[in-house]
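A.B. asks: my questions are about this predicted structure, shown below with the sequence.
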Amino acid sequence: LEEAIGDGLWVLEDKERQPPAIRIRTEVLHPDSVTVRIADNGPGMTEEVKARLFDAFFTTKPTGKGTGLGLSICHQLVVEKHGGSLRCESTPGQVTEFWIEI
């Protein structure tokens with residue numbers, strides 16, 4: 001968990017300090033599909049970062065920290081192998097949420 005969201009407090013746009021947290025929800029949208037939503041309360045992402053999220057080897061971590069393969073592999077499994085969808089909603093200073101529908 002620490003590698004994904006850090007080990008300190010985040011300061012968001014509203015200047016409120018919050019401990020890092022992740023929320024996971026599941027929903028049945030149709031009789032034959034399910035959605036898993038994974039959200040954090042972190043600092044959000046810019047459009048430039050979101051545009052590259054699913055690129056192999058892309059990482060926002062410093063050199064030597066992380067491989068940048070996780071979301072690329074997720075995209076392959078969810079979208080290419082199972083015909084599902086994978087998307088991310090994020091704005092700097094706000095919640096980031098990934099939606100996986102299979």
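C.D. replies: Noted; the coordinates are in hand.
A.B. asks: so residue 67, which state does it fall into?
C.D. replies: coil (DSSP: H, G, I helix; E, B strand; the rest coil).
A.B. asks: same check on residue 49?
C.D. replies: Applying three-state DSSP: residue 49 is helix.
A.B. asks: burial count for the closest residue to it other than its chain neighbours?
C.D. replies: Residue nearest to residue 49 in three dimensions, not counting chain neighbours: residue 60, with 6.2 Å by C-beta to C-beta, 6 or more residues apart in numbering. No exception for glycine: its C-beta is placed from N, CA and C like everyone else's. A count of nearby residues for residue 60, using other C-beta atoms under 10 Å, gives 12.
A.B. asks: repeat for residue 96
C.D. replies: The burial count for residue 96: 20, using other C-beta under 10 Å.
A.B. asks: try residue 57
C.D. replies: Residue 57 has 10 neighbouring residues, counting by other C-beta under 10 Å.
A.B. asks: what about it, distance to residue 64?
C.D. replies: 13 Å (C-beta to C-beta, to the nearest Å).
A.B. asks: swap in residue 56?
C.D. replies: 18 Å.
A.B. asks: these two: which is more packed in?
C.D. replies: Taking neighbours as other C-beta under 10 Å, residue 56 and residue 64 compare with residue 56 leading, 12 against 5.
A.B. asks: so the nearest residue to that one once chain neighbours are set aside, which of the three states?
C.D. replies: Leaving out its chain neighbours, the residue that sits closest to residue 56 by C-beta to C-beta, 6+ apart is residue 72, at 4.2 Å. Secondary structure for residue 72, judged by three-state DSSP, is helix.
A.B. asks: then the one 3 residues further on?
C.D. replies: Under three-state DSSP, residue 75 falls in the helix class.
A.B. asks: on that earlier part again, tell me the contacts of the residue nearest to residue 56?
C.D. replies: By C-beta atoms under 8 Å, 6 or more residues apart in numbering, the contact set of residue 72 is 54, 55, 56, 57, 58.
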